[in-house]
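**Student:** sharing a sequence plus its predicted fold:
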Amino acid sequence: MPRTLPRIAAGLLASALTAALTVTAAGPAASAPDSSHNAVRFLAHLDMAEGQRPENITLEPGGAAVVTFAYSRQVARITPDGTVHVLATLPEPPAGTVTPALSSPFLGGIVRAHDGTLYFLYATGSADLTGLWRLRPGSAPRRIAALPADGLPNGLALDERAGALYAADSVLGAVWRIPLSGGRATRWADAPELDATGFLGANGVKVHHGAVWVSNLDQGTVLRIPLTPRGTAGPVQTRATGLVDIDDFAFIGQGDTLLAAINADNEVARVEPDGSHRVVLTGTDGLQNPTSLAVRGRTAYIASGAYFTNEDPNLLTARIVPGN
């Protein structure tokens, strides 16, 4: 999500892109991408007038992706042929309601449980709508946990084995823990490393290797928060810096290497376990303010909201090639 958002209605041009990402070791600062490794192909175009900008993404077993459209309040499935099927539209908040930081109602992070249930975050500035929502196959969406109306729940992570979800709050600088069944949200982590310093703080969130990992858009960091044996939050560890305007991220392989969406710069960076990072995709590959990523095997799915460019929101896929 960028530091400022255009105040006009826009839509999604969802595309699929196949590219090879071959990454070598880099220093602490990002270096120029090697575009010679990228083989780009657009597979599908959709109607921009529908007001569809992909904010977050989760994957289905059959090859489809389910996305949230941030400002049209919709959850939609994008099939491998590029067709969009709207699964749900969230209620419009009362007139005069203002969403913190963004003004407009905002549909953020989404995850999928093994049984096909979808969980997603909705922020409206109103106490009766802001929170965690659930959509079961064949049912209508319903809110199952309230979150503070003065916050901005953004990224969402699922720990299905522990029966918990984690929501990053970009305005309140916190990570909330919510039972998978719904109910009361607990302020699981709250530290200066999660705070905003101008626009948005804690943004993307993932559960990985016994910890909750969080990106901070304003501070340009990737953070690791250990899960203690009791399930509480351990001390915050900064694992990468220099990634200003980082939105969501996704791990590749079994280690701690990840791909990060650098929103305002139209980039995806590969971040190594030592914190070094290298740009592997840019706007020349089709990125339009990338917002989120999901990885399956050697394929990365990248959603672009085009919040700055206002030209070509899209969904891309990129083939991941192990680094040298």
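**Tutor:** All right, it came through fine. Everything numeric here is computed off the predicted structure, so don't read it as measured data.
**Student:** wait, Leu152 touches Ser104, no?
**Tutor:** No. Using CB atoms under 8 Å, Leu152 is not in contact with Ser104, being 11.5 Å away. The C-beta positions use only the backbone N, C-alpha and C, and glycine is treated the same way.
**Student:** okay, the two: which has more neighbours?
**Tutor:** Leu152 (27 against 17; other CB atoms under 10 Å).
**Student:** and that one, what's its pLDDT?
**Tutor:** With respect to pLDDT, Leu152 scores 98.
**Student:** for the one 3 residues further on, same thing?
**Tutor:** The confidence metric pLDDT takes the value 98 at Gly155.
**Student:** so it versus Ala250, what's the distance?
**Tutor:** Distance, Gly155 to Ala250, using CB to CB, to the nearest Å: 11 Å.
**Student:** one more: Gly82?
**Tutor:** From Gly82 to Ala250 the distance is 21 Å (CB to CB).
**Student:** what of Phe308?
**Tutor:** 22 Å.
**Student:** please apply the same query to His208.
**Tutor:** Taking CB to CB, one finds His208 at 10 Å from Ala250.
**Student:** so for these two, which sits in the more crowded spot?
**Tutor:** Shown here are His208 and Ala250; by other CB under 10 Å, Ala250 has more neighbours (21 against 15).
**Student:** quick one, what contacts the closest residue to that one other than its chain neighbours?
**Tutor:** Leaving out its chain neighbours, the residue that sits closest to Ala250 by CB to CB, 6 or more residues apart in numbering is Leu293, at 4.0 Å. Contacts for Leu293 (CB atoms under 8 Å, 6 or more residues apart in numbering) come out as Ile57, Asp248, Phe249, Ala250, Leu259, Ala260, Ala261, Val268, Ala300, Tyr301, Ile302, Ala303.
**Student:** what of Leu158?
**Tutor:** Residues in contact with Leu158 (CB under 8 Å, 6+ apart) are Val111, Arg112, Ala113, Tyr119, Leu165, Leu180, Val207.
**Student:** residue contacts, the first one?
**Tutor:** Shown in contact with Val111 (CB under 8 Å, 6+ apart): Thr58, Leu118, Tyr119, Phe120, Leu156, Ala157, Leu158, Leu165.
**Student:** list the contacts of the first one.
**Tutor:** Right, the one you point to is Thr58. Ala65, Val66, Val67, Ile110, Val111, Arg112, Leu118, Ala294.
**Student:** if I've got this straight, the third one is in a strand?
**Tutor:** Yes. Judged by DSSP: H, G, I helix; E, B strand; the rest coil, Val67 forms part of a strand.
**Student:** quick one: it and Ala76 touch, right?
**Tutor:** Yes. Counting by CB under 8 Å, Ala76 is a contact partner of Val67 at 5.8 Å.
**Student:** OK, contacts around Asn56?
**Tutor:** Val67, Thr68, Gly108, Gly109, Ile110, Phe120, Gly155, Leu156, Asp248, Thr291, Ser292, Ala303.
**Student:** okay, Val67 and Ala76: which has more neighbours?
**Tutor:** A count of neighbours by other CB under 10 Å puts Val67 above the other of Val67 and Ala76, at 31 against 23.
**Student:** angles on the backbone of Arg161, please.
**Tutor:** phi -60, psi -40 (degrees, to the nearest 10).
**Student:** what's the pLDDT at it?
**Tutor:** At Arg161, pLDDT is 94.
**Student:** how much space between it and Gly231?
**Tutor:** 12 Å.
**Student:** for the stretch 101-250 of the chain, which segments count as strands?
**Tutor:** 106-112, 118-123, 131-135, 142-146, 153-159, 164-169, 174-179, 186-190, 202-208, 211-216, 221-226, 237-240, 246-251 (DSSP state E, counting those that start in this stretch).
**Student:** average pLDDT across the shortest one?
**Tutor:** What it means is strand 237-240. Strand 237-240 comes out at a mean pLDDT of 98.
**Student:** adjacent strands (with direction) for that strand?
**Tutor:** strand 221-226 (antiparallel) (DSSP bridges).
**Student:** what lies in contact with the partner strand?
**Tutor:** 175, 189, 193-194, 210-216, 233-241, 243, 246, 249, 258, 260, 271, 275.
**Student:** quick check: PyMOL command selecting the buried ones in the contacts of Leu158.
**Tutor:** To isolate the buried members of those in PyMOL, using 16 or more other CB atoms under 10 Å:
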select buried, resi 111+112+119+165+180+207
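**Student:** now, among the contacts of Leu158, which is nearest to Arg319?
**Tutor:** Of all these, Arg319 sits closest to Arg112, with 22.5 Å by CB to CB.
**Student:** so what pairs up with the residue nearest to that closest one when sequence neighbours are not counted in the strands?
**Tutor:** Nearest residue to Arg112, sequence neighbours excluded (CB to CB, 6+ apart): Thr58, at 4.4 Å. Counting by DSSP bridges, Thr58 forms beta bridges with Val66.
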